[in-house]
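Peer 1: Coordinates for the following, if possible.
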Amino acid sequence: MKSVFARYRGVANRAGVTGAELARNLLDAHGLRMVRLELAPDFLSDHYDGAKHVLRLSEAVAREPSVAALGIAAHEVSHAYQDAEGSRVYRAQPRGRRGRSRGWRPGPGSASSAASGSASLC
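Peer 2: Purely as a prediction, here's the structure:
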């Protein structure tokens, strides 16, 4: 995933919006204003935390106006949609895996940093 992100990170989206701006707009458009946006501590550690109604975006995804950032932000927003709709597939995932891609592996300090040191985006 890192190589694909690196390739499309350099491609600006035509609207010039960041991943955080897209995420907030999509969440609000679907009545999910209660979902908070926060910065995730590690590179590409983006995830949706359904228990806390928090969507965490890594710095590169949150702040950059690339097509890669939009793709990842939209993907994470889809997990918030699934949660809000009561998706059985979403809820069937083990609690620690909800909203995480198959290849995701926590980096050093990811769990503790995400829980305690997150900065709010909106």
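Peer 1: hang on, residue 37 is in a strand, isn't it?
Peer 2: Yes. If the criterion is DSSP: H, G, I helix; E, B strand; the rest coil, then residue 37 is within a strand.
Peer 1: Show me where this protein has its strands.
Peer 2: 36-40, 47-49, 54-58, 119-120 (DSSP state E).
Peer 1: Nearest residue to residue 62 in space, please, no chain neighbours.
Peer 2: residue 20 (4.2 Å; C-beta to C-beta, 6 or more residues apart in numbering). C-beta coordinates here come from the backbone N, C-alpha and C atoms, glycine included.
Peer 1: thought that neighbour was touching residue 63?
Peer 2: Yes. With contact defined as C-beta atoms under 8 Å, residue 20 reaches residue 63; the gap is 6.8 Å.
Peer 1: Mind checking which of the two has more residues around it?
Peer 2: Ranked by neighbour count (other C-beta atoms under 10 Å), residue 20 and residue 63 place residue 20 first, with 22 against 15.
Peer 1: now residue 55: how far from residue 31?
Peer 2: From residue 55 across to residue 31, the span is 15 Å (C-beta to C-beta, to the nearest Å).
Peer 1: how about low-confidence regions in this protein?
Peer 2: Residues of the chain meeting the criterion pLDDT under 70: 88-122.
Peer 1: at 50 what do you get?
Peer 2: 101-117 (pLDDT under 50).
Peer 1: Show me which helix runs longest in it.
Peer 2: Identified as the longest helix of the chain according to DSSP state H is helix 67-84.
Peer 1: Residue 59 against residue 39, yeah?
Peer 2: Yes. Residue 59 is within contact range of residue 39, at 6.2 Å (criterion: C-beta under 8 Å).
Peer 1: picking that back up, quick one, which of residue 55 and residue 31 is more surrounded?
Peer 2: Set residue 55 next to residue 31 and count neighbours by other C-beta under 10 Å: residue 55 wins out with 30 against 9.
Peer 1: gap between that one and residue 30?
Peer 2: 12 Å.
Peer 1: for residue 63, same thing?
Peer 2: Distance, residue 63 to residue 30, using C-beta to C-beta: 23 Å.
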